[in-house]
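>>> pasting the sequence and the predicted model now:
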Amino acid sequence: MTASRADVFAFFADAFQLERITPPWLHFAVLASRPLEIDEGAVIDYRLRLRGLPLRWRSRIRDWRPPLRFVDEQLRGPYRRWYHEHTFLEDGPNTIVRDTVDYNVPGGALVHGLFVKHDLRRIFLFRQQALSELFARSVAPNRCEEP
């Protein structure tokens with residue numbers, strides 16, 4: 001990302017930003033009132049449609065260490081296990097966002113191979129593109145080049 005680690009972390013600290021970086025075909029929505037303060041132990045409910053099926057998802061925030069990292073862990077949702085670590089690494093004036101997900105699915109390797117692996121790849125590619133576009137736009141007006 002073309003932004004400081006503090007700015008990128010602040011973006012992720014707002015749960016409602018997740019709606020902006022999640023593919024529209026998931027019909028994703030945060031089920032909470034604004035403002036929603038994210039901190040260690042915060043519980044967040046979501047609604048989405050996965051392959052046309054309406055689902056609810058509940059996550060707990062763990063290991064909250066601004067601006068370095070945090071984890072969202074599924075308490076209830078479509079996975080048997082979902083442990084998503086978000087790490088924010090400085091790269092000069094930029095930030096590298098690293099997502100590490102440990103998960104298990106009902107139906108095991110067959111369901112994973114037929115559906116989940118491809119779906120997750122598409123979701124994270126969309127997310128990467130959306131983040132790049134959002135941060136490119138947000139910093140572009142601040143750039144100043146001499147003629």
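Yes, it's here.

>>> which parts of this protein are strands?
Using DSSP state E, the strands found in the chain span residues 29-30, 43-50, 53-65, 69-76, 81-91, 94-104.

>>> does anything pack onto the fourth one? Which helices or strands?
Taking 3 or more CB pairs under 8 Å, 6 or more residues apart in numbering; DSSP states H and E as the contact definition, the neighbouring helices and strands of strand 69-76 are strand 53-65, strand 81-91. (Each C-beta comes from the backbone N, C-alpha and C, glycine too.)

>>> ok so, going back, possible to save the strands of the chain as CSV with distance to residue 1 and mean neighbour count?
As requested, the strands of the chain are exported to CSV (distance: least, CB to CB, whole Å; neighbours: other CB atoms under 10 Å):
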stretch, distance to residue 1, mean neighbour count
strand 29-30, 22, 16
strand 43-50, 22, 16
strand 53-65, 18, 14
strand 69-76, 15, 17
strand 81-91, 9, 15
strand 94-104, 5, 14
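
>>> re the thing from before, reformat the helices and strands packed on strand 69-76 as a markdown table; add distance to residue 99 and mean pLDDT.
Shown next, in a markdown table, are these (distance: least, CB to CB, whole Å; pLDDT from 0 to 100):
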| stretch | distance to residue 99 | mean pLDDT |
| --- | --- | --- |
| strand 53-65 | 14 | 97 |
| strand 81-91 | 6 | 97 |
